[in-house]
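Curious how this folds, go ahead:
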Amino acid sequence: MKALARFSFASETPELISDIYQSLLPETNESISDRSAISLIMENDGLILEIQSSDIISLRSALNTWLRLIQTAYDAASAFH
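Below is the predicted model of the structure:
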C-alpha cells in the first residue's frame, strides 16, 4: 500500500518561511527510513511538505517527525521575526 500526505504552511512573513525552509533543508538529505520519501518545497508565500510512504505506519512515523521539526523550526525562527 502506498500512503501520501501533503501539508501546506503559510505565513505573512516570507522571511520566516525562508528561515524554516533553510533550517530543514539539510534534513531532507538524510533518510529517516527506507520506507518514506520526504519532499520539502518553498513556494512564494509558503512551504509544502510531502511525504510518500510504503505503508500507513511509516507515514504516521514520518509525519510525527516532520511536523515536530517544522514546529521547532517555526518556534526558533519566530523569535527573530
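
Tell me if I'm right that Leu4 and Leu49 touch.
No - taking contacts as CB atoms under 8 Å, Leu4 lies outside contact range of Leu49: 11.5 Å. Any C-beta I mention is one placed from the backbone N, CA and C, and that applies to glycine too.

These two: which has the busier surroundings?
In terms of neighbours (other CB atoms under 10 Å), Leu49 is the more surrounded of Leu4 and Leu49; the figures are 21 against 10.

The helix or strand that contains the more buried one pairs with which strands, parallel or anti?
Taking DSSP states H and E as the criterion, Leu49 maps to strand 46-53. Sheet pairing for strand 46-53, assigned by DSSP bridges, gives strand 3-10 (antiparallel), strand 36-42 (antiparallel).

List the contacts of Glu50.
Leu4, Ala5, Arg6, Phe7, Ile38, Ser39, Leu40, Ile41 (CB atoms under 8 Å, 6 or more residues apart in numbering).

Pipe the strands paired with strand 46-53 into a markdown table and attach mean pLDDT per row.
Formatted as a markdown table, the strands paired with strand 46-53 follow (pLDDT from 0 to 100):
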| stretch | mean pLDDT |
| --- | --- |
| strand 3-10 | 96 |
| strand 36-42 | 94 |
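
So which of those strands is the most surrounded?
strand 36-42 (a mean of 16; mean count of other CB atoms under 10 Å).

still on that earlier bit, got a markdown table for the strands paired with strand 46-53, with distance to His81 too?
Shown next, in a markdown table, are those (distance: least, CB to CB, whole Å):
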| stretch | distance to His81 |
| --- | --- |
| strand 3-10 | 14 |
| strand 36-42 | 16 |
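
next structured bit after the strand holding Leu49?
helix 56-78.

so how far is that following helix from its chain's centroid?
6 Å (CA atoms, centre = their mean, to the nearest Å).

so what secondary structure elements neighbour it?
strand 3-10, helix 14-24, strand 36-42, strand 46-53 (3 or more CB pairs under 8 Å, 6 or more residues apart in numbering; DSSP states H and E).
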